[in-house]
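Enquirer: Predicted model, plus sequence, below.
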Amino acid sequence: MNRPPILAAYAIAVLWLCQFLTVRYNYGGNWTGLFCIAPHMPVPDFLRSERLYIFPNSDGYDGQIFHLIAHDPWMTRGSADSIVGAAFRYQRILVPALAWTLALGRDEHIHAAYIAVILGFAFAGVFWLARLAQLRGLHPAWGLAFLAVPATITSLDRMTADIALAAFCVGFALYVESGSPWRVVLILACAALTRETAVLIVIGYCIFLLTRNQIARSIAAGCALLPTGAWFLYVTHGAANSAAIKYLGWVPLSGFVERIVHPAVYPLAVWKNDLARLFDFVALAGVALVLIAVARMAARRRWNAEAAAIYALALAVIFLHRRDVWEDAYAFGRVLSPLLLLTFVQRLGFAALAPMVLIDLRISLNIGVELEGIVRGLLK
């Protein structure tokens, strides 16, 4: 297990097995259960022949939106009219477009292709992190830490695209340190098409290059945003529902503090509700830890390409206010994953894993329900 490709291959084999088991015993063998589709989610005509797994009495999750986009990535079949903030959602095009491409545009193959793309990014994340560990003289088994990233867990469980951005963050760190400028630009371009959060990484990196008087490389890095800009103009023009979703406020840490002062109340038995709220605070402690780590980096004047990206991401987190992002660890865990991951790769070690592990503990309560279904199914 000291070769990154083999390590990554074993990792995705185990991840696929976990998905297979939860689909088999929790969703009756219907792989669309991974998209977490709500009853009220519109079903366009081109999907009516599919046997979709619907979660009753549920609002679903973001995977249901990516599912629609993957079937209609170029906004020609009416999916955009069914999505709130369609231009904003469609900006995150990379993963759905890759699934559509892999499926050759055929609806009946989209689900398998989408799952393959998600597993492919799991492979890339483990592989790149193992290579980064090797580059620093550490054992490549550190690549398995990618499986602890909240975005990895939530994407594998709910088919969100955040795992791709997490993988690109590792690739960015690897190729910055190995001295591959064109690969860095390519990764940043793909990252920005995956999720708008990556724009902060590009900005931080450009600022770093300017402080090193590397003006040409800074311009090249900035050009990584050109495909995203062009694509966003296209989707804004093509989406009837193009209203943006506002995430940031003006008061520092207001969203974080409000989440602590006003805990979530879950429709569960009293003891389960208390347990969930306790682990909510554990997860929020993980957020506090990563912000403290960033503050310590700044106090020590650490300045490199990854640090510049970290500062840009941390600044956005400080002003992140939207309640539905802070509502549960599934949401803020995946949104904060680029910050968590880049902070972790600054100094690979068990202590640096702590923020992610604390958030994972809360996520495990959700996964535990699925695990219980798998155990019951296997026992039968």
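Expert: Ah, there it is.
Enquirer: number of nearby residues for the closest residue in space to residue 154 that isn't next to it in sequence?
Expert: Nearest non-adjacent residue to residue 154, counting by CB to CB, 6 or more residues apart in numbering: residue 334, 4.7 Å away. Bear in mind the C-beta positions are built from the backbone N, C-alpha and C, glycine included. Using other CB atoms under 10 Å, the number of residues around residue 334 comes to 30.
Enquirer: so residue 334 makes contact with residue 157?
Expert: No: the pair residue 334 / residue 157 is not scored as a contact, 10.4 Å apart, by CB atoms under 8 Å.
Enquirer: Would you mind measuring from the residue sitting furthest away from the middle of the chain to residue 159?
Expert: Farthest-out residue of the chain from its mean C-alpha position, per CA atoms, centre = their mean: residue 380, at 34.7 Å. Distance, residue 380 to residue 159, using CB to CB, to the nearest Å: 27 Å.
Enquirer: One more: residue 151?
Expert: Residue 151 is 12 Å from residue 159, by CB to CB.
Enquirer: Same question for residue 287.
Expert: Distance of residue 287 to residue 159, computed by CB to CB: 24 Å.
Enquirer: Who has more neighbours out of the two?
Expert: residue 159 (30 against 25).
Enquirer: pLDDT below threshold where in the stretch 1-150 of the chain?
Expert: Along the stretch 1-150 of the chain, the parts satisfying pLDDT under 70 run over 1.
Enquirer: What segments of it are helices?
Expert: Ranges of helices in the stretch 1-150 of the chain, per DSSP state H, counting those that start in this stretch, are 4-26, 63-71, 86-90, 94-102, 107-135, 150-158.
Enquirer: Next: the stretch 151-300 of the chain.
Expert: Going by DSSP H, counting those that start in this stretch, the stretch 151-300 of the chain shows helices at 162-178, 181-194, 198-211, 215-222, 226-238, 254-261, 270-299.
Enquirer: so which helix or strand takes in the nearest residue to residue 291 once chain neighbours are set aside?
Expert: Leaving aside its sequence neighbours, residue 291 sits nearest to residue 314 (CB to CB, 6+ apart; 6.5 Å). Secondary structure from DSSP states H and E places residue 314 in helix 305-318.
Enquirer: how big is the angle separating that helix from helix 254-261?
Expert: Interaxial angle of helix 305-318 relative to helix 254-261 (axes from the mean of the first three to the mean of the last three CA atoms, to 10 degrees): 60 degrees.
Enquirer: if you average pLDDT over helix 305-318, what comes out?
Expert: If you average the pLDDT over helix 305-318, you get 96.
Enquirer: same for it, what does it pack against?
Expert: Judged by 3 or more CB pairs under 8 Å, 6 or more residues apart in numbering; DSSP states H and E, the packing partners of helix 305-318 are helix 162-178, helix 198-211, helix 270-299, helix 337-346.
Enquirer: What is the distance between the very next helix or strand once past it and the centre of its chain?
Expert: Using DSSP H and E, the helix or strand that directly follows helix 305-318 along the chain is helix 323-326. Relative to its parent chain, helix 323-326 has a centroid offset of 15 Å by CA atoms, centre = their mean, to the nearest Å.
Enquirer: residues making contact with the next helix or strand after helix 323-326?
Expert: Scanning forward in sequence from helix 323-326 by DSSP H and E, the next helix or strand is helix 329-335. Helix 329-335 has contacts (CB atoms under 8 Å, 6 or more residues apart in numbering) with 61, 150-151, 153-155, 158, 160, 162, 197, 279-280, 283, 287, 320, 324-326, 359-360, 362-363, 366.
Enquirer: Tell me which of the helices of the stretch 151-300 of the chain is the most buried.
Expert: Stretch with highest mean neighbour count among the helices of the stretch 151-300 of the chain: helix 162-178 (a mean of 26; mean count of other CB atoms under 10 Å).
Enquirer: got the end-to-end distance for stretch 69-80?
Expert: By CA to CA, to the nearest Å, the extent of stretch 69-80 from end to end equals 8 Å.
Enquirer: How far does that stretch sit from its chain's centre?
Expert: Chain-centre distance of stretch 69-80: 21 Å, with CA atoms, centre = their mean.
Enquirer: residues of that stretch that come out buried?
Expert: Burial within stretch 69-80, assessed by neighbour count using 16 or more other CB atoms under 10 Å, is assigned to 69, 70, 71, 72, 73, 74, 75, 77, 79, 80.
Enquirer: Among those, which one lies nearest to residue 126?
Expert: Residue 126 lies nearest to residue 70 out of the buried residues of stretch 69-80, by CB to CB, at 23.5 Å.
Enquirer: quick revisit: contacts for the helix holding residue 314 next, please.
Expert: 172-173, 176, 197, 200-201, 203-205, 207-209, 248, 252-253, 287, 291, 294, 297-298, 336, 338-339, 342-343, 345-346.
Enquirer: swap in stretch 259-270?
Expert: 272, 273, 276, 277, 280, 281, 284, 323, 326, 327, 328.
Enquirer: let's see 6 Å
Expert: 273, 276, 277, 326, 327 (CB atoms under 6 Å, 6 or more residues apart in numbering).
Enquirer: picking up where we left off before, and the helices of the stretch 151-300 of the chain as CSV, adding mean pLDDT?
Expert: Shown next, in CSV, are the helices of the stretch 151-300 of the chain (pLDDT from 0 to 100):
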stretch, mean pLDDT
helix 162-178, 97
helix 181-194, 97
helix 198-211, 97
helix 215-222, 95
helix 226-238, 89
helix 254-261, 92
helix 270-299, 94
